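Q: sequence first, predicted model second:
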Protein chains: 2
Amino acid sequence: MARPREFDKTVALGQAMNVFWSRGYEATSLSDLLSAMELSKSSFYDTFGSKHDVFLATIEHYKKTISAQISGIADLDAPARKLIEGMFEKAASRMTEKGGQRGCYLNNCAVDVSLRDPEAAKLIHSGIAIMENTFLSLIERGQQEGDIAAGKNALSLARYLTSSLNGIMVTGKFNPDRDVLSDIGKTSLMVLD
Amino acid sequence: MARPREFDKTVALGQAMNVFWSRGYEATSLSDLLSAMELSKSSFYDTFGSKHDVFLATIEHYKKTISAQISGIADLDAPARKLIEGMFEKAASRMTEKGGQRGCYLNNCAVDVSLRDPEAAKLIHSGIAIMENTFLSLIERGQQEGDIAAGKNALSLARYLTSSLNGIMVTGKFNPDRDVLSDIGKTSLMVLD
DNA sequence: AATATTATGGACTAACTGGTCCAAAATGTT
DNA sequence: AACATTTTGGACCAGTTAGTCCATAATATT
């Protein structure tokens, strides 16, 4: 019963991430993880060390995932402002889809764990920085393109957009109403005028 | 060893709330609760029913608490816009104080639990509505006073401010930097112009 | 002081927690 | 086919989980 050679550490990490994402760190038990990752307890500890180690690894995993996704969006050949608007719209609609109400993983982890887990907090912070930096370059581009008020501080705006997007996803947790979330998004982006 | 007559159910609930607030629902054990509430296991189950019952009760408790606080602020004799600004500033500074990084209780509960606990989600939603309504009446007042753009939809703005404030408090979890949070707050309030 | 009420400590569940360990089994390599 | 490697199931651990129950003890009422 050796593990079939198609076993993929990255896939298993993704599965673990999904469980933590839906249930949170404490509410996720070892057996939750084992069934999601489809491996035995022995292999789990052999390969990943501990529950907490896996948890940290999933945050790293998430960072890689969104890095790819986000930079893909930012490089699209469209006005930067439109791309930003698209990101907010997408967040609003995803929060109202079947499995989408989980929101942002980093976001959840921040609330769930960051106070008691400084290691995780550090990873979360650097993960959010990816988002912030993407917004920053989009904003600078938008200012050159003339769609975003050139007089406003780009870094302030980037921080603001990141925070606003987080707010929308928290709101979606208890109020998964597409129109409401979309409206909040549109109001948020008025700042760019 | 009967419970001393000064025992106060409300105080005990407040203590329970503090524990849930700092640790989250799952991470809070029964013994955590018992020591915080200073009562015995038997009395706990006698008086409150179960861990989950207490949890729901703490959300109600929190709603009462902020209802009082918030309506106190909203009734102050100052321009509505100034009051709103004060609320954002206060949130930013509280997130950087010693025990303040816990953020907003409803906020935390929403992320922590609302997906798996519809009962709690309902209470959270109605709690947030208190905040939203407060913002709504402040905005309407501010529009009459001329400090807030009269052309903008007041309800949209109220939802937006509530969501933004949530975002700021999530941001504060992993980035408790007063200047950053305050700057995000100021940027958020540009929408009112 | 006797009685009725209330709260308590602590024994007791049964299930589960994260984690360790190892002999056995499946695989890859020669 | 023989060997080395990898992975496994499952036994085991000590501690904890939420929750029940009751005889005892402290109080309140009369």
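A: Done, it's in. Small disclaimer: the values here were computed from a predicted structure and weren't measured.

Q: name the nearest residue to residue A:114, sequence neighbours excluded.
A: Using Cβ to Cβ, 6 or more residues apart in numbering or on different chains and skipping the chain neighbours, the partner closest in space to residue A:114 is residue A:121 (3.9 Å). From N, CA and C alone the C-beta is placed, and that goes for glycine too.

Q: ok, the one you found touching residue A:111?
A: No: Residue A:121 is beyond contact range of residue A:111, at 11.2 Å (criterion: Cβ atoms under 8 Å).

Q: chain center to the lowest-mean-pLDDT helix or strand in chain A: distance?
A: The weakest-scoring helix or strand in chain A, judged by mean pLDDT, DSSP states H and E, is helix A:41-48 (a mean of 90). Chain-centre distance of helix A:41-48: 27 Å, with Cα atoms, centre = their mean, to the nearest Å.

Q: repeat for stretch A:92-112
A: On the basis of Cα atoms, centre = their mean, stretch A:92-112 sits 8 Å off its chain's mean C-alpha point.

Q: quick check: mean pLDDT of that stretch?
A: Stretch A:92-112 carries an average pLDDT of 93.

Q: do stretch A:156-173 as well
A: The pLDDT scores in stretch A:156-173 average 97.

Q: please save the CA atoms from it in PDB.
A: Backbone C-alpha positions of stretch A:156-173 (Å, rounded to 0.1, in the frame of the first residue of the first chain) are rendered in PDB as follows:
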ATOM      1  CA  SER A 156      -2.700  55.400   0.000                       C
ATOM      2  CA  LEU A 157      -5.100  54.400  -2.700                       C
ATOM      3  CA  ALA A 158      -3.600  51.000  -2.900                       C
ATOM      4  CA  ARG A 159      -3.800  50.400   0.800                       C
ATOM      5  CA  TYR A 160      -7.400  51.700   0.700                       C
ATOM      6  CA  LEU A 161      -8.500  49.400  -2.100                       C
ATOM      7  CA  THR A 162      -7.000  46.400  -0.400                       C
ATOM      8  CA  SER A 163      -8.700  47.200   2.800                       C
ATOM      9  CA  SER A 164     -12.000  47.900   1.100                       C
ATOM     10  CA  LEU A 165     -11.900  44.600  -0.800                       C
ATOM     11  CA  ASN A 166     -11.400  42.900   2.500                       C
ATOM     12  CA  GLY A 167     -14.300  44.700   4.000                       C
ATOM     13  CA  ILE A 168     -16.600  43.700   1.100                       C
ATOM     14  CA  MET A 169     -15.600  40.000   1.600                       C
ATOM     15  CA  VAL A 170     -16.300  40.200   5.300                       C
ATOM     16  CA  THR A 171     -19.700  41.800   4.600                       C
ATOM     17  CA  GLY A 172     -20.400  39.000   2.200                       C
ATOM     18  CA  LYS A 173     -20.000  36.500   4.900                       C
END
